[in-house]
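Undergrad: Starting from these lines, generate the structure:
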Amino acid sequence: MRKKVTKAIFPVAGMGTRFLPATKSVPKEIMTLVDRPLVQYAIDEAREAGIKEFIFVTSRGKSALEDYFDHAPQLEQVLRKKNKTELLETLKNTNMDSGAIAYIRQHRALGLGHAVWCAHRLIANEPFAVILPDDVIAGEEPCLKQMVEAYEETGGSMVAAMEVPKEKTSSYGVLDVKEDMGSLVSVNGMVEKPDMDEAPSNLAVIGRYILSPNVLRTLNKQKSGAGGEIQLTDAIAKEIELGHDVYGYRFRGQRFDCGSKAGFLQATVAFALARDDLRDELSGFLQEVLAADKAAQ
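TA: I've put the predicted structure just below:
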């Protein structure tokens, strides 16, 4: 019987330099889309997918991230006295049970593969998920849940994938497709950030993974790849060389790159417009802005 995916690694050690000066004191992962931090969207998605153990790979200066998941008795007491039950319930969803969450330090920025490897002792010999909080995916069914359901049929390793413009392939890990089966594709290989003319396809890897523990054994060899970093893509590609199954999964939903300022702003607008309490006011404001911009031209 195939082991269930119950553990997830969240690599959150990055310094968030693209969001300076805000990230000088605020970890990027707790910057908010509307009224929830980026990391809360990632946690909620993991919970929906059946994840029970949450492993954060952090670095110096991330104590605010750790505090975010702790209980806040004084705040809860104030809300309870004021009978703000809805806010209490919202706050409850940010709490993590003792033992459910672990923090590992990545002392040097050696790449995503190294960040994932840092958690290897907590994974042991089980399949595991990797979620990059920068990639926020909106959809009727959470992306990782879609992937877990597909994984239960296929086994092996699986990466979330989406088509990108050919000229943008140099910003992604790109799949060399063996067989296209619609939502699923079997994979011949993976190339990290290829030049546009050398990309094997325009099917790019997005920040959701379900991986075999074999990947950690490959990462244990600590070989650097593109950019002098230890690439997770290279370790997954090694799985294919060894004859193990690797699949790409075309998820249903819209992905926002919240590691960029433009993507973060786009996600903020999209998530706000999806809310009944904000839609009308924000929509009216945006129409006014667009009208003023058109008039100015």
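
Undergrad: and the strand or helix carrying residue 293, average pLDDT?
TA: Under the criterion of DSSP states H and E, residue 293 resides in helix 279-296. Averaging pLDDT along helix 279-296 gives 88.

Undergrad: Mind listing what's buried along that helix?
TA: Of all the residues in helix 279-296, not one is buried under the rule 16 or more other C-beta atoms under 10 Å. Every residue, glycine included, has its C-beta placed from N, CA and C.

Undergrad: same deal with stretch 71-86?
TA: residue 79.

Undergrad: Give me the contact list for that stretch.
TA: 87, 88, 91, 95 (C-beta atoms under 8 Å, 6 or more residues apart in numbering).

Undergrad: Export those to CSV and append columns for pLDDT, distance to residue 247 and neighbour count.
TA: Listed next are the contacts of stretch 71-86 as CSV, based on pLDDT from 0 to 100; distance: C-beta to C-beta, whole Å; neighbours: other C-beta atoms under 10 Å:
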residue, pLDDT, distance to residue 247, neighbour count
87, 87, 42, 15
88, 86, 42, 15
91, 83, 38, 15
95, 80, 35, 14
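
Undergrad: Between the residues you listed, which sits nearest residue 130?
TA: residue 95 (23.3 Å; C-beta to C-beta).

Undergrad: Relative to residue 164, how far out is residue 95?
TA: 37 Å (C-beta to C-beta, to the nearest Å).

Undergrad: again, but for residue 158
TA: 18 Å.

Undergrad: now do the same end-to-end measure for stretch 112-128.
TA: 15 Å (C-alpha to C-alpha, to the nearest Å).

Undergrad: which outside residues touch that stretch?
TA: 3, 5-9, 11, 13, 53, 55, 57, 102, 104-106, 108, 130, 132, 151, 210-213, 215-216, 219-220, 222, 225, 229-235.

Undergrad: Write the ChimeraX selection for whichever of these are buried.
TA: Here is the ChimeraX command that selects the buried residues among these (16+ other C-beta under 10 Å):
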select :5,7,8,9,11,13,53,55,57,104,106,130,132,151,210,211,212,215,216,219,225,229,230,231,232,233,234,235
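
Undergrad: Just the contacts of stretch 112-128: which are in strands?
TA: 7-9, 11, 53, 55, 57, 102, 104-105, 130, 210-211 (DSSP state E).

Undergrad: Nearest to residue 266 among those residues?
TA: Checking the ones in strands among the contacts of stretch 112-128 one by one against residue 266 (C-beta to C-beta), the nearest turns out to be residue 11, at 22.7 Å.

Undergrad: The residue lying closest to residue 133 once chain neighbours are set aside: which element?
TA: Excluding the flanking residues, the one nearest residue 133 by C-beta to C-beta, 6 or more residues apart in numbering is residue 42, at 4.2 Å. Assigned by DSSP H and E, residue 42 belongs to helix 38-48.

Undergrad: Pull out the buried positions in that helix.
TA: Buried residues in helix 38-48, counted by 16+ other C-beta under 10 Å: 38, 39, 40, 41, 42, 43, 45, 46, 47.

Undergrad: hmm, back to that, with distance to residue 176 as extra columns, can I get the contacts of stretch 71-86 in a markdown table?
TA: Below are the contacts of stretch 71-86 laid out as a markdown table (distance: C-beta to C-beta, whole Å):
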| residue | distance to residue 176 |
| --- | --- |
| 87 | 49 |
| 88 | 50 |
| 91 | 46 |
| 95 | 43 |
